[in-house]
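Asker: Next comes the sequence, and after it the predicted model I'd like to discuss.
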Amino acid sequence: MLGNSQTILPLLLASTASFAIAWPALGRAADYKISGPHSHENLSIFLLHGHSADGPVPLTLEEALDKGAVKVHETGTVGELEIENLGAEGVLVHAGDIVKGGWQDRVVGATMIMKPKSGRLPVSVFCVESGRWSGRGAEDAEVFASAKAMMPSREAKLAMKARRDVGAVPPTASEPSAAGPIREPENELGTAGSAQEPDRRGDLPRDPRRAPERPVNPQAEVWRSVSEIQAALSGRLGSSVASATSETSLQLALENEKLAEAQKRYLVALEAAGETESDVVGYVFAINGKINSADIYASNALFRKLWPRLLKAAATEAIGVEKALPKTLEPTVAAVEEFLAAASAGKPSERPLIDGQRLETREADRVVDFVTLTASGDFVHRNVLARH
């Protein structure tokens, strides 16, 4: 269903000037418009229209791997890979990109830009294929061949973003493996320790209103999410999506033929909506009427490059959820506006990424907002995740 467009307040309100952290590109952008919802079954898409930056558009990691312009190297450490841009164009490594191969499939934790001829740089990742720790079939165990899919789970994305060093070399070592230490990431989104003091891992004090009683390991949460994704998809599709080649591989599960057929129905219904207008720079999606997340980019050209994979991931998440009647549960433009405004008003913090880039975070009770900025402060990507 196509809804009316409605102008909303700038995503950064004037009051944010008092915060220590600014959102440079978003602050300069014109007012955004929200159009939609565009709906199919239990998935509703709202498009965000606004200023689109000029200049060259980086390759996606998928494009760069397909062209041989990038190599993703195995390091023998679960939480770390090395990425090398061999080409003359910048490459966008996107949070949620799943890289296939190595000793186990991994997923990237934070969005960043690889400069041309970058050399080998360490990047924090998570395993999405528990159990395998060697080459798979005829694949080269030392490198990764493709990045065709994105993480289709809001819960997993929250767990990945919780690592306090996302984008850098992972922190503490724990269990050894035959090839080297397995590193367990730490969590800083108020999910460990006690209200009075840090826990034994040295995490920040938790928020007693929502924190569990014991520390949360983000990698364990990602593994749990992967298992839940596979179980949910298998249940909805009526047959297992796990691959006989590697039953725990999320990437291989996402290549399942029955899943591809189900995804296609969503793509046919919704993909064109994101490709019609030249000022679309992001989207918000809801499943069964409940707002899930948003992704916003510096330009329409970058959004369009990513849109098919973004939509496929959202559709996959919707397929795995028991469907409710969308006509009675579609969210409103006002609800989307409130979601984005709450994200902008959250408590700010910052952590470094590669090459002087940084990940800026705003935390609120019901939403977490993540923005990747270049070393010069230019906006790259904003990801807003609901906490429900």
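Answerer: Nice, I can see it. Note that this is a predicted model, so its numbers are computed, not measured.
Asker: Name the spans of the stretch 51-200 of the chain whose pLDDT lies under the cut-off.
Answerer: Applying pLDDT under 70 to the stretch 51-200 of the chain flags residues 163-200.
Asker: at 50 instead, please
Answerer: 164-200 (pLDDT under 50).
Asker: all strands for the stretch 201-350 of the chain, in order.
Answerer: In the stretch 201-350 of the chain, the strands defined using DSSP state E, counting those that start in this stretch lie at 280-287, 290-297, 347-352.
Asker: Pick the most buried one from these.
Answerer: Stretch with highest mean neighbour count among the strands of the stretch 201-350 of the chain: strand 280-287 (a mean of 26; mean count of other CB atoms under 10 Å). Just so you know, the C-beta spots here come from the backbone N, C-alpha and C atoms, and that holds for glycine as well.
Asker: hang on, the earlier thing: with mean pLDDT and distance to residue 233 added, can I get the strands of the stretch 201-350 of the chain in TSV?
Answerer: Conversion of these to TSV gives the following (pLDDT from 0 to 100; distance: least, CB to CB, whole Å):
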stretch	mean pLDDT	distance to residue 233
strand 280-287	96	14
strand 290-297	96	16
strand 347-352	93	33
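Asker: Quick check: which of those is nearest to residue 316?
Answerer: strand 280-287 (10.8 Å; CB to CB).
Asker: name the helices or strands packed onto the closest one?
Answerer: Packing partners of strand 280-287 (3 or more CB pairs under 8 Å, 6 or more residues apart in numbering; DSSP states H and E): strand 43-49, strand 290-297, helix 300-319, helix 333-344.
Asker: After the first one, which helix or strand is next?
Answerer: Translated: strand 43-49. strand 59-60 (DSSP states H and E).
Asker: Would you mind listing the outside residues contacting that next one?
Answerer: 67, 69-70, 87, 89-92, 94, 147, 305-306 (CB atoms under 8 Å, 6 or more residues apart in numbering).
Asker: And those, which is closest to residue 160?
Answerer: Taking CB to CB as the measure, residue 94 is the one of the contacts of strand 59-60 closest to residue 160, at 12.0 Å.
Asker: What is the neighbour count of the closest one?
Answerer: Neighbour count of residue 94, defined by other CB atoms under 10 Å: 27.
Asker: Could you shift the numbering so residue one becomes 18, and keep it that way?
Answerer: Let's use 18 as the start, then, which means that last one is residue 111.
Asker: Now render the helices and strands packed on strand 297-304 as TSV, adding distance to residue 160.
Answerer: As requested, the helices and strands packed on strand 297-304 are arranged in TSV below (distance: least, CB to CB, whole Å):
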stretch	distance to residue 160
strand 60-66	35
strand 307-314	28
helix 317-336	21
helix 350-361	37
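Asker: which stretch among these comes nearest residue 155?
Answerer: Residue 155 lies closest, by CB to CB, to one member of these: helix 317-336, at 25.4 Å.
Asker: From the contact counts, what lies against the closest one?
Answerer: Applying 3+ CB pairs under 8 Å, 6+ apart, one finds that helix 317-336 makes contact with strand 60-66, strand 161-167, helix 235-254, helix 274-287, strand 297-304, strand 307-314.
Asker: Tell me the pLDDT of the residue nearest to residue 308 when sequence neighbours are not counted.
Answerer: Among residues not flanking residue 308 along the chain, residue 356 sits closest, at 5.0 Å (CB to CB, 6 or more residues apart in numbering). At residue 356, the model reports a pLDDT of 93.
Asker: got the contact list for residue 356?
Answerer: Contacts for residue 356 (CB under 8 Å, 6+ apart) come out as 301, 308, 311, 384, 401, 403.
Asker: for the closest residue to residue 266 other than its chain neighbours, helix, strand, or coil?
Answerer: Excluding the flanking residues, the one nearest residue 266 by CB to CB, 6+ apart is residue 146, at 4.3 Å. The local conformation at residue 146, judged by DSSP: H, G, I helix; E, B strand; the rest coil, is coil.
Asker: if I read this right, residue 146 contacts residue 120, doesn't it?
Answerer: No: applying CB atoms under 8 Å as the test, residue 146 and residue 120 come out as separate, 9.1 Å apart.
Asker: Need the overlap of contacts for the two.
Answerer: Residues touching both residue 146 and residue 120 (CB under 8 Å, 6+ apart): none.
Asker: what's the burial count for the residue lying closest to residue 254 once chain neighbours are set aside?
Answerer: Closest residue to residue 254 in three dimensions, ignoring its sequence neighbours and counting by CB to CB, 6+ apart: residue 275, at 4.7 Å. Applying other CB under 10 Å, we find 15 residues neighbouring residue 275.
Asker: likewise residue 380?
Answerer: By other CB under 10 Å, the residues close to residue 380 number 18.
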